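> here you go, sequence then predicted model.
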Amino acid sequence: MINALTQLSYVVATALFVLALHWLNDPKTARRGVYAGVAAMLIAVLATWAQPAIIVHHGLIVVAIALGFLVGWPLSRVPLTAVPQRTALSHSFGGLAAGLVGTAEYFLWLGEAHANLTPFRMTAIIAEIILGYLTFTGSLMAAGKLQEVKWIPQRPVTFPLQNFVTIGLLLTAVVLGVSLVLHPAEAWSANVFMAITGLALIFGVLLVLPIGGADMPTVISILNSYAGLSAVAMGFVLDNKLLITAGALDGSSGLILSIIMCKAMNRSFVNVLFGAFGKVEARAAEGGQKVYKSETVEGAGQLLEQAGLVVIVPGYGMAVAQAQHKVRELYDQLKKRGVTVRFAIHPVAGRMPGHMNVLLAEADIPYTDLVEMDEINPDMPQCDIAIVLGANDVVNPAARYDKSSPIYGMPIIDADKARTVLAVKRSKNPGFAGIDNELYYAEKTWMLFGDAKAVVGDLVKQLSGGTGL
Amino acid sequence: MINALTQLSYVVATALFVLALHWLNDPKTARRGVYAGVAAMLIAVLATWAQPAIIVHHGLIVVAIALGFLVGWPLSRVPLTAVPQRTALSHSFGGLAAGLVGTAEYFLWLGEAHANLTPFRMTAIIAEIILGYLTFTGSLMAAGKLQEVKWIPQRPVTFPLQNFVTIGLLLTAVVLGVSLVLHPAEAWSANVFMAITGLALIFGVLLVLPIGGADMPTVISILNSYAGLSAVAMGFVLDNKLLITAGALDGSSGLILSIIMCKAMNRSFVNVLFGAFGKVEARAAEGGQKVYKSETVEGAGQLLEQAGLVVIVPGYGMAVAQAQHKVRELYDQLKKRGVTVRFAIHPVAGRMPGHMNVLLAEADIPYTDLVEMDEINPDMPQCDIAIVLGANDVVNPAARYDKSSPIYGMPIIDADKARTVLAVKRSKNPGFAGIDNELYYAEKTWMLFGDAKAVVGDLVKQLSGGTGL
Amino acid sequence: MLSSAAEAAHQTGGSAPLDYWSMLFVFMLATFIGVGVIRRVSRLLHTPLMSLTNAISAIAVVGSIIVTGSDHPRPIRILGAIALFASMTNIVSGFLITDRMLKMFKGGGAKR
Amino acid sequence: MLSSAAEAAHQTGGSAPLDYWSMLFVFMLATFIGVGVIRRVSRLLHTPLMSLTNAISAIAVVGSIIVTGSDHPRPIRILGAIALFASMTNIVSGFLITDRMLKMFKGGGAKR
Ligand SMILES: NC(=O)c1ccc[n+]([C@@H]2O[C@H](COP(=O)([O-])OP(=O)(O)OC[C@H]3O[C@@H](n4cnc5c(N)ncnc54)[C@H](OP(=O)(O)O)[C@@H]3O)[C@@H](O)[C@H]2O)c1
Ligand SMILES: NC(=O)c1ccc[n+]([C@@H]2O[C@H](COP(=O)([O-])OP(=O)(O)OC[C@H]3O[C@@H](n4cnc5c(N)ncnc54)[C@H](OP(=O)(O)O)[C@@H]3O)[C@@H](O)[C@H]2O)c1
């Protein structure tokens, strides 16, 4: 009976998970989605816990859950700029969990009931631990790179024969896995198991090492789908359909997001994973010679006052500078003057999908004023002033024609079509792709050098001052 | 081993079925969808047949399949106007198949192995036969009404306490079912089983009897989902996931199509099923007094020659008259004169969803010139001439304001906003909703009485003649 | 299938309940898929959609074959044969007519 | 779950293979759903989406609870507890931060 009840709750939980993701496809219903997810998880936990036949010890469970809350809560308060790191970090937790459960299952059955180590289940266990542990270390690395931790190299690290070594490791792990499937309970099996664990852990590190900090978002979502798949594997081991479904949902989500990112950057998976992208940094300097035209805040202010339609193109710089609230003030100032203000959101502006949307939403800017690239580009010629706010690659015209450029073919926001361009950045440094951007030298472009937050702040003062007089 | 192979083929077949429906969402990939479906079905059939352990007699199978082809092929050659009937007819076949298999299973186990008649399986069997047999008779009735068979009343047939009787029947069947679940193998069980069968058959008839011929499409898709559900039930009985999935796909499809139709007609399920819609016919006459302005083909021809944008609003009348090919000629003639021609397609124009699209596609009119209601309405004020071709309810302005009208609230095509309206119909009779249409009396409206095919044919002659001179 | 299912049922009531649940699972998931996919089918193709799903619902053919081909008393197999005939008719006519309709859809120059 | 699964495996090799297949079925269907649903998530919400799926992937909590709570040797249950802690952290932080982000999305007058 209890079993039937458990099964029923699992069915319900599954349905709720699907609905959660479904509701997320529209900002209006999105929060309902979260509640559905919470409900589903709650049901799953309780249904699992409330099986007297199976769960006999409660102390450890309570402790672990309590600790989980203690650590989880602060992790949910991180500043929005740190969201990518946070996500990476919790992927690593997820991977760890899957790995540990896999390990526990194996040694449990090794000790108690060999019979259960059927080839099918053994295969599942091995898939579970390989995916789990590589996600664990891989995501830790990713988090580190994003957090720009000292002793983790930001730039892609490459060494001779790297890919051979990496792939080699994986193959060895797989081969060992096969042998384990065939002889799950020999005297030496346990050691082989540990060996596989070790290889998976190392593989995770090597996988992420050669990838540049800016490609991390893509890597993160790939790791996300690995985490999902390890949950699926766990489901196969425990014959638990809920695990299988939830894991599959997670897996496909990670996969699709990374595909979307790759498409928007016009790069291939392989290129992201093994391309050691961002090493090209060196090439940045060359362009340095050409001349920029700088503009003062005053001048910019006047230009803006006369404008009819202003399009703000935010980029990673706005995120770094945490400038969104100042931007909001600018937005208000301009609106007060009857200037139409739109935000042009590039799919991969910033460092994670939807990055800009979240930041601007945080600053209470209605998402109805955030226009996607494809919708805004046709209007750019009518745009009087385009403010390029810490964006670089996503407005780099080279993407249109320069076959040699690493971002060639990536769709961009046509800021260069606007009548005037105001570009806010701190220096002459390139963006993530490490390439020069001719937009800054264009006739119509005026540079506003400085930190995005500071510059925008000054602009606001300028404008509000203007009204004061 | 063979079992594993069967299972594998079933998995593949399932995937192909899903893809089939997925590809159908775009005309460009639609045919691939059909092929996927065929492949899936082929795999399913072969995988099932090729189980020596289970399938020992082949003669009957071969014969049945051969006959199936013999009957199926001609059924696929029916004229497009007969498509609704054909669909209904094959739903009834589907229902019959499910019902018979259910019956066979029951009596088989009754004779051989009571043990298999577990409550769960018994419930499934009963669901299967009730759904199957009611779909069988219900769809037959529907097909009859659509085919306008003599001895099947077109108009809704109602008698006192009808709904009581109908619902009563169903309840009795269910109650008997429950008793059968509890005592599947008593001496009297077989009779109860037959009784349920009988009730289901009668219920099917009573369900469709009170529904007007024009509501059949909605009914058909509801029956479609019943057919699907009975397949699901069969899947539960045979513990066959392929049946369950395919059935569920079918069930949801039927459900959604009927919902779409109801929405587009602004009617509720209940109203369709028990509303005895179309009895209002009587009310039609009243409006007869008001005056129409008739126009000659010559006049109409001249009007058309001067027009810049002509919107053709096809309706059920075009289907009845099989006028689509003539319409094509008209389309060509007008294009030759540099007139822009668009077709305004109302979601429920005709007698089945997408009816007009299929007919016009048959006449080789590119689907890119078939514009959906919501897209065309904004342009109607710029339209010089709207040709209302055997359409009535879908252009009836009463739907906008007349709360008393049976079609009140149903979104319509704004033919009345066009500068001039040419309305082609045979008589002063109303359309399916059986209500009068003020559009025909409007200042700007000119009636072209006659059969759609004939009238359009004359128009074409007129125009081509015009060029001849 | 049938007979094997039968045995399964015989052997262990233990594993049986589990199975019901996975069937329920499959049913629910399939419904989710159905709803999701169908809602995105273009209006343009609703008639072909009807006849295609109609052909798919003839999947009952699987059950019919099993009943017809297994080593059962004749009358039962006759029932199966009729069912098989009916399903086969749907399969053939359903797919053929769908394809016939779809053949007719030709896109003009412009993309839709 | 675990132990019961174990028994099941013991009892009948007969019903076991069947089960694998239904798992495979569930996996396939779930993937179809996932792909279908995710592709329709608005670009606007891709960041929340990431953290929500991240929370959902913590479903591994189910396995962790089973391992931690069952009557197994201590070391094994410790592993389980660590896993449980890790998953719980994801659940809490994942859902909280998603909601925190979504709270911020406010539609202006116009519909999107
Ligand atoms: N969004 C995603 O999901 C995702 C995923 C993977 C990769 N990417 C990549 O990330 C890039 C995003 O393009 P993007 O244009 O948004 O960013 P970007 O190309 O990295 O350029 C950022 C610009 O902001 C400036 N900047 C940095 N800190 C600043 C501050 N505090 N104040 C003002 N300016 C500052 C930098 O110039 P200074 O240093 O001179 O200030 C830099 O030119 C794309 O190449 C995309 O492919 C995105
Ligand atoms: N499409 C669906 O899925 C669906 C489903 C259920 C119900 N319906 C209902 O069906 C109706 C469809 O609207 P509709 O405007 O397309 O059709 P309608 O309202 O039924 O009107 C058809 C018109 O065509 C005329 N007509 C009939 N035969 C003709 C011929 N041979 N030549 C010329 N004219 C002819 C009729 O007038 P005369 O008799 O005077 O010629 C009639 O006024 C809607 O009310 C809708 O709710 C549709």
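Alright, I've got the coordinates. Ligands and ions are numbered 1, 2, ... in the order given.
> packing partners for the longest helix seen in chain C?
Longest helix in chain C, counting residues (DSSP state H): helix C:74-104. The contact analysis (3 or more CB pairs under 8 Å, 6 or more residues apart in numbering or on different chains; DSSP states H and E) places helix C:74-104 against helix B:27-49, helix B:59-75, helix B:83-111, helix B:355-362, helix C:46-56, helix C:61-69. (C-beta placed from N, C-alpha, C; glycine too.)
> surely residue C:103 meets residue B:30?
No - at 9.8 Å, residue C:103 and residue B:30 do not qualify as touching, with contact defined as CB atoms under 8 Å.
> distance of residue A:108 relative to residue A:221?
Relative to residue A:221, residue A:108 is positioned 33 Å away (CB to CB, to the nearest Å).
> identify the residues contacting the closest residue to chain A within chain C.
Of all residues in chain C, residue C:21 sits closest to chain A, at 4.3 Å by CB to the nearest CB. Listed by CB atoms under 8 Å, 6 or more residues apart in numbering or on different chains, the contact set of residue C:21 reads A:4, A:7, A:10-11, A:241.
> in helices only, show me these.
Counting by DSSP H, the contacts of residue C:21 contribute A:4, A:7, A:10-11, A:241 to helices.
> picking up where we left off before, quick one: average pLDDT of the helix or strand harbouring the residue of chain C closest to chain A?
Assigned by DSSP states H and E, residue C:21 belongs to helix C:15-39. The average pLDDT for helix C:15-39 rounds to 83.
> so which bits of it are buried?
Within helix C:15-39, the residues scored as buried using 16 or more other CB atoms under 10 Å in any protein chain shown are C:15-16, C:18-38.
> tell me the angle it makes with helix C:46-56.
Relative orientation of helix C:15-39 and helix C:46-56, computed by axes from the mean of the first three to the mean of the last three CA atoms, to 10 degrees: 160 degrees.
> contact partners for the residue lying closest to residue A:17 once chain neighbours are set aside?
Once flanking residues are discounted, residue A:17 sits nearest to residue A:40: 4.8 Å by CB to CB, 6 or more residues apart in numbering or on different chains. By CB under 8 Å, 6+ apart, the contact set of residue A:40 is A:12-17, A:20, D:56.
> only alpha carbons, please: show stretch A:184-193 as CSV.
Extracted as CSV, the C-alpha positions of stretch A:184-193 are listed here (Å, rounded to 0.1, in the frame of the first residue of the first chain):
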residue,chain,number,x,y,z
PRO,A,184,31.6,-6.8,-10.7
ALA,A,185,32.6,-8.7,-7.6
GLU,A,186,36.1,-10.0,-7.9
ALA,A,187,38.7,-9.4,-5.2
TRP,A,188,40.2,-6.6,-7.3
SER,A,189,36.9,-5.1,-8.4
ALA,A,190,36.7,-2.5,-5.6
ASN,A,191,40.1,-1.1,-6.6
VAL,A,192,39.1,-0.8,-10.3
PHE,A,193,36.0,1.0,-9.1
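> can you give me the buried ones in it?
A:184-185, A:189, A:192-193.
> pretty sure residue A:370 contacts residue A:356?
Yes - between residue A:370 and residue A:356 there is a contact under CB under 8 Å: 7.4 Å.
> the more surrounded of those two?
Neighbours per residue, other CB atoms under 10 Å in any protein chain shown: of residue A:370 and residue A:356, the larger number sits with residue A:356, 31 against 24.
> pull up the per-residue confidence for the more buried one.
Predicted confidence (pLDDT) for residue A:356: 90.
> look up how far ligand 1 lies from it.
8 Å (CB to the nearest ligand atom, to the nearest Å).
> pretty sure that residue contacts residue A:349?
Yes - under the criterion of CB under 8 Å, residue A:356 makes contact with residue A:349 at 4.9 Å.
> overlap of the contact sets of these two?
A:314-315.
> if we can go back for a sec, pLDDT and distance to ligand 1 for the buried residues of stretch A:184-193 - can I get that in CSV?
As requested, the buried residues of stretch A:184-193 are exported to CSV (pLDDT from 0 to 100; distance: CB to the nearest ligand atom, whole Å):
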residue, pLDDT, distance to ligand 1
A:184, 84, 41
A:185, 83, 45
A:189, 89, 42
A:192, 93, 38
A:193, 94, 36
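> pull the contacting residues for the residue of the stretch 201-350 of chain A found nearest chain D.
Closest contact between the stretch 201-350 of chain A and chain D, by CB to the nearest CB, is at residue A:252 (3.1 Å). Residues counted as contacts of residue A:252 (CB under 8 Å, 6+ apart) are A:225, A:228, D:31, D:34-35, D:38.
> what is the neighbour count of the residue in chain C positioned nearest to chain B?
Closest to chain B within chain C is residue C:88: 2.4 Å, counting by CB to the nearest CB. Applying other CB under 10 Å, we find 28 residues neighbouring residue C:88.
> quick one: find the helix or strand in the chain with the lowest mean pLDDT.
I'll assume chain A. When the helices and strands of chain A are scored by mean pLDDT, DSSP states H and E, helix A:269-274 comes last with a mean of 71.
> helix or strand next in line after that one, which one?
helix A:297-306.
> and the contacts of that next one?
A:295, A:310, A:334, A:337, A:339, A:384-385, A:420, A:422, A:446, A:448, A:455, A:458-459, A:462-463, A:466.
> give me the buried positions along it.
A:297, A:300-301, A:303-304.
> next: stretch A:28-45.
Applying 16+ other CB under 10 Å to stretch A:28-45 flags A:30-34, A:36-41, A:43-45 as buried.
> pLDDT value on the residue of the stretch 351-469 of chain A found nearest chain D, please?
At 2.9 Å from chain D, residue A:366 is the closest residue in the stretch 351-469 of chain A, using CB to the nearest CB. For residue A:366, the pLDDT comes out at 87.
> quick check: it vs ligand 1, distance?
21 Å.
> please enumerate the helices of the stretch 151-300 of chain A.
Under the criterion DSSP state H, counting those that start in this stretch, helices of the stretch 151-300 of chain A are mapped to A:162-182, A:189-208, A:216-238, A:241-265, A:269-274, A:297-306.
> looking at those, which one has the lowest mean pLDDT?
Among these, helix A:269-274 scores lowest, with a mean of 71.
> returning to what we had before: TSV please, covering the buried residues of helix A:297-306 and showing distance to ligand 1.
Listed next are the buried residues of helix A:297-306 as TSV, based on distance: CB to the nearest ligand atom, whole Å:
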residue	distance to ligand 1
A:297	14
A:300	14
A:301	18
A:303	19
A:304	18
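> going by distance to residue B:399, which of those residues wins?
Checking the buried residues of helix A:297-306 against residue B:399 by CB to CB gives residue A:304 as the nearest, at 49.7 Å.
> so which residue is dead centre in chain C?
In chain C, the centroid-proximal residue (CA atoms, centre = their mean) is residue C:59; its distance is 2.7 Å.
> for residue A:222, see how far away the residue nearest to that one when sequence neighbours are not counted is.
Closest residue to residue C:59 apart from its sequence neighbours, by CB to CB, 6+ apart: residue B:246 at 3.9 Å. Per CB to CB, residue B:246 is found 33 Å from residue A:222.
> for the two, indicate the residue with more neighbours.
residue B:246 (33 against 25).
> can you tell me how far that one is from residue B:235?
To residue B:235, residue B:246 is 8 Å away according to CB to CB.
> for residue C:32, same thing?
Distance from residue C:32 to residue B:235, by CB to CB: 16 Å.
> one more: residue C:101?
On the measure of CB to CB, residue C:101 and residue B:235 end up 29 Å apart.
> same question for residue A:391.
54 Å.
> next one: residue A:196
Distance from residue A:196 to residue B:235, by CB to CB: 40 Å.
> who's more crowded, these two?
The neighbour count for residue A:196 versus residue B:235, taken as other CB under 10 Å, is higher for residue B:235 (28 against 22).
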